[in-house]
Every structure is written in structure tokens, then in C-alpha cells.
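*Asks:* sequence first, then the predicted structure, then my questions.
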Amino acid sequence: MLQAQNLTKKYGDQVALNSLNLHIKKGEIFALLGQNGAGKTTTINLFLGFIKPTEGHLTINGISVTKDPQRTKKEVAYIPETLMLYPNLTALENLKFFSALAGFNYSKSELTYFLSKVGLQLSAHDQYLAGYSKGMRQKVGIAIALAKQATALLLDEPTSGLDPKASNEFSQILKELSADGTAILMATHDIFRAREVATHIGIMKEGNLVMIIEAQKISANELENLYLKTV
């Protein structure tokens, strides 16, 4: 679903990403760990088509990101650390607007279904997002991904700033999306959350993916020790 082959990004003499090879199948959650500047966000921005690779190829659902960016944008949804939604619109209005941009025209009952599926309480559906917590806004972002019928989800520090309850709720939603076949790539600093939610974990250092681990084969403490030794 998400594939990178020898993906490289350079800024002059600086190598931001070096020959990345990555293959994320349907239903897999791949968490990228690494310090700031390790190449996590660069990887996500390349998949989104925000920046162009210096070398290599990347595809989403078999479609080339560089050759057909408009088609790949229809396949993917993106949730950054700070989600840009309209604070002067309600959750239903935001969802209707962004799903319409993707070419969908849902009824109110369908929009309500998407918001309820991600755990947003019914009483909040008609409230303005200006009064939402970050966790509630993230749920609206997930609902937009559902309404868009995205086959892949890209996340950049999605649990940053969330309290433990909201972070746990967010993780449960990701697991449900994974069970439905969505491929998920997540950049994060949260080692323990990555161990809990991911199927695979990659550790990045100075633009290189130095290690890939099956999450079930390592404990959270072992992962933390390995991460500290690696970076």
C-alpha cells in the first residue's frame, strides 16, 4: 500500500533522507522513531507529495506519487501534529466541507455515523471546533479520513500534547482502522505508544532507517533501551 524504493532527499550537500526502502501493507501500522532531524517528517512529506525526492521512487496503492500526485492524494489522509480545521465551523460542517473537497456528498446521518465511529460524542457534533480539545480535533481528522475513504493514513506526531486518556482513545481508533485494512505510517517520539499500537517499528538516525522491528517481538522497555543505544 505504501512503498518507497531507494528514496533519497538532499538539500544541497545535506542528506535529509538516504536510500529509504519501506513497504507497508494493508492493515499494517508502521511507527517511525527517531530524534528531530532523523528523517521522519521528510519521509511523510515525500509520500504526501509536499516535496519531491532527489532519487528513488514511492507509490501509494501502486500509484506513483511523483507521476500522478492527484490520484495519490485521493488515496491518502494526513493528520499532522497540529490539525488545521475551521474553528468557526462545527464538526459536522468541517466534515461535510472536507469530504466535499474529496468529491463526496454525504447526508447528515452519514456524517454523524463517521463522527460517532471515531468516538466523538453526539453532543459535540454541532459544537464549534474553537471549543474542542486537541483530542476531539484529532477525532474529527480521523472521521475525515473515513469519509474520504482513504486507503492509507499518514500521521506526524499525532499524540503530541494529548492527555493519557485521549492518547489511548486515539490508539484504539488506529487499531480499528488497521483491522479494516487501512495502511498507517506514523512518525512519533512516543516509544511506548508506538510499541502499543504499531505492527512494525522503524528506528531512524541521520536520514537512515537503521532498524525495523516487529512490535510483538519486543517489550516496551527493550525497545526503549534499543532506541537509546541506536540514536
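*Replies:* Looks like it arrived, so ask away.

*Asks:* I'd like to know how far E169 sits from G135.
*Replies:* Using C-beta to C-beta, to the nearest Å, E169 is found at 7 Å from G135. C-betas here are computed from N, CA, C, even on glycine.

*Asks:* one more: T188?
*Replies:* From T188 over to G135 the distance is 16 Å, taken as C-beta to C-beta.

*Asks:* repeat that for S167.
*Replies:* Going from S167 to G135 by C-beta to C-beta gives 8 Å.

*Asks:* how about E55?
*Replies:* E55 is 39 Å from G135, where distance means C-beta to C-beta.

*Asks:* contacting residues for G39?
*Replies:* By C-beta atoms under 8 Å, 6 or more residues apart in numbering, the contact list for G39 reads A16, L17, N18, L20, M204, E206, G207, N208, L209.

*Asks:* between those residues, which sits nearest S116?
*Replies:* M204 (36.2 Å; C-beta to C-beta).

*Asks:* so which strand or helix has that closest one?
*Replies:* strand 200-205 (DSSP states H and E).

*Asks:* direction included, what does that strand pair up with?
*Replies:* strand 29-33 (parallel), strand 208-214 (antiparallel) (DSSP bridges).

*Asks:* show me what counts as buried in the longest helix that the chain contains.
*Replies:* For the chain, the helix with the greatest residue count under DSSP state H is helix 164-179. Across helix 164-179, burial judged by 16 or more other C-beta atoms under 10 Å covers A166, S167, N168, E169, F170, S171, I173, L174, L177, S178.

*Asks:* just the CA coordinates for stretch 104-124, please, in PDB.
*Replies:* Provided in PDB are the C-alpha atoms of stretch 104-124 (Å, rounded to 0.1, in the frame of the first residue of the first chain):
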ATOM      1  CA  PHE A 104     -18.200  13.100  -1.700                       C
ATOM      2  CA  ASN A 105     -21.700  14.400  -0.800                       C
ATOM      3  CA  TYR A 106     -22.800  12.700   2.400                       C
ATOM      4  CA  SER A 107     -26.100  13.100   4.200                       C
ATOM      5  CA  LYS A 108     -26.200  14.400   7.800                       C
ATOM      6  CA  SER A 109     -26.900  10.900   9.000                       C
ATOM      7  CA  GLU A 110     -23.800   9.600   7.200                       C
ATOM      8  CA  LEU A 111     -21.600  12.400   8.500                       C
ATOM      9  CA  THR A 112     -23.000  11.700  12.000                       C
ATOM     10  CA  TYR A 113     -22.000   8.000  11.500                       C
ATOM     11  CA  PHE A 114     -18.400   8.900  10.700                       C
ATOM     12  CA  LEU A 115     -18.000  11.100  13.800                       C
ATOM     13  CA  SER A 116     -19.700   8.600  16.000                       C
ATOM     14  CA  LYS A 117     -17.500   5.800  14.700                       C
ATOM     15  CA  VAL A 118     -14.300   7.600  15.900                       C
ATOM     16  CA  GLY A 119     -15.800   8.100  19.300                       C
ATOM     17  CA  LEU A 120     -16.800  11.800  19.200                       C
ATOM     18  CA  GLN A 121     -19.800  12.200  21.500                       C
ATOM     19  CA  LEU A 122     -23.100  13.100  19.800                       C
ATOM     20  CA  SER A 123     -23.500  16.300  21.800                       C
ATOM     21  CA  ALA A 124     -20.200  17.700  20.300                       C
END
